[in-house]
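**Q** give me coordinates for this.
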Amino acid sequence: MPMKTERQKMADGEWYTCLDDELEALRVAARVAVHEHNSLPPDERGSIGPKLHDLINAPNAIIEAPFHCAYGINIELGDHVYLNAGCTILDCARVTIGAQSQLGPNVQIYCAEHHQDPVKRCVEGLEIALPVHIGKRVWIGGGAIILAGVSIGEGAVVGAGSVVTKNVAAGQVVVGNPARPIERSP
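**A** Next up, the predicted model:
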């Protein structure tokens with residue numbers, strides 16, 4: 001059986017080294033695409049810059065500038081998704097955002113978790129990536145942080161500035177650090 005590449009390990013949710021030539025080439029392509037997207041005037045950019053559109057699966061989505069992603073190839077945005085200015089998606093694993101969901105400014109989605117051993121983390125570059133799933137018609141308030149492996153159910157609301165460390169049920173409202181459920185107001 002042939003050995004897996006670091007990209008295959010990353011995709012399979014296994015420990016991998018991010019200090020890898022293939023992964024670096026993918027990150028460079030994403031940086032080029034993000035730079036183009038963020039530099040184009042809005043009337044020339046459209047909803048997503050051309051190079052970024054080639055990386056991200058995003059029919060009818062709007063991504064405001066500035067935007068940042070690690071790879072782009074692991075992001076899938078449903079119909080009419082809106083990402084406000086300053087969103088960062090570190091898509092070392094799959095990130096899916098359901099149709100009609102909206103992310104406020106400066107929302108951050110992190111799929112990678114780094115090794116706790118400093119040598120493995122800093123010298124070997126070991127990390128593991130867990131997917132993030134956001135359902136349809138979700139609202140995520142500005143400055144919220146969504147951590148690796150989290151799923152947010154359909155119609156949920158994440159309050160501004162919240163840090164989401166655990167799954168959020170459909171229709172639930174969560175706020176705080178760490179994010180905790182509160183009663184939905186009428």
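**Q** so which residues of this structure form helices?
**A** Counting by DSSP state H, one finds helices in the chain at the ranges 6-11, 21-39, 42-45, 50-55, 118.
**Q** which residues touch the fourth one?
**A** Helix 50-55 is touched from outside by 29-30, 32-34, 36-37, 63, 67, 69, 71-73, 75, with contacts defined as C-beta atoms under 8 Å, 6 or more residues apart in numbering. All C-beta atoms are positioned from the backbone trio N, CA, C, and that covers glycine.
**Q** which stretch among the helices of the chain comes nearest residue 168?
**A** Nearest of the helices of the chain to residue 168, taken as C-beta to C-beta: helix 6-11 at 24.9 Å.
**Q** buried ones in that closest one?
**A** 6-7, 9-11 (16 or more other C-beta atoms under 10 Å).
**Q** any idea which of the helices of the chain gets closest to residue 91?
**A** helix 21-39 (8.6 Å).
**Q** hmm, who's touching that closest one?
**A** So helix 21-39 is contacted by 5-7, 10, 45, 48-52, 54-55, 63, 65-73 (C-beta under 8 Å, 6+ apart).
**Q** mind running it again at 10 Å?
**A** 5-8, 10, 16-18, 20, 45-46, 48-56, 63-75, 85, 91-92, 125 (C-beta atoms under 10 Å, 6 or more residues apart in numbering).
**Q** hang on, the earlier thing: out of the helices of the chain, which gets the lowest mean score?
**A** Mean pLDDT values for those show the minimum at helix 42-45, a mean of 78.
**Q** same question for that helix: list its buried residues.
**A** In helix 42-45, counting by 16+ other C-beta under 10 Å, buried: residue 45.
**Q** remind me what that helix packs against, helices and strands.
**A** Using 3 or more C-beta pairs under 10 Å, 6 or more residues apart in numbering; DSSP states H and E as the contact criterion, the elements in contact with helix 42-45 are helix 21-39, helix 50-55.
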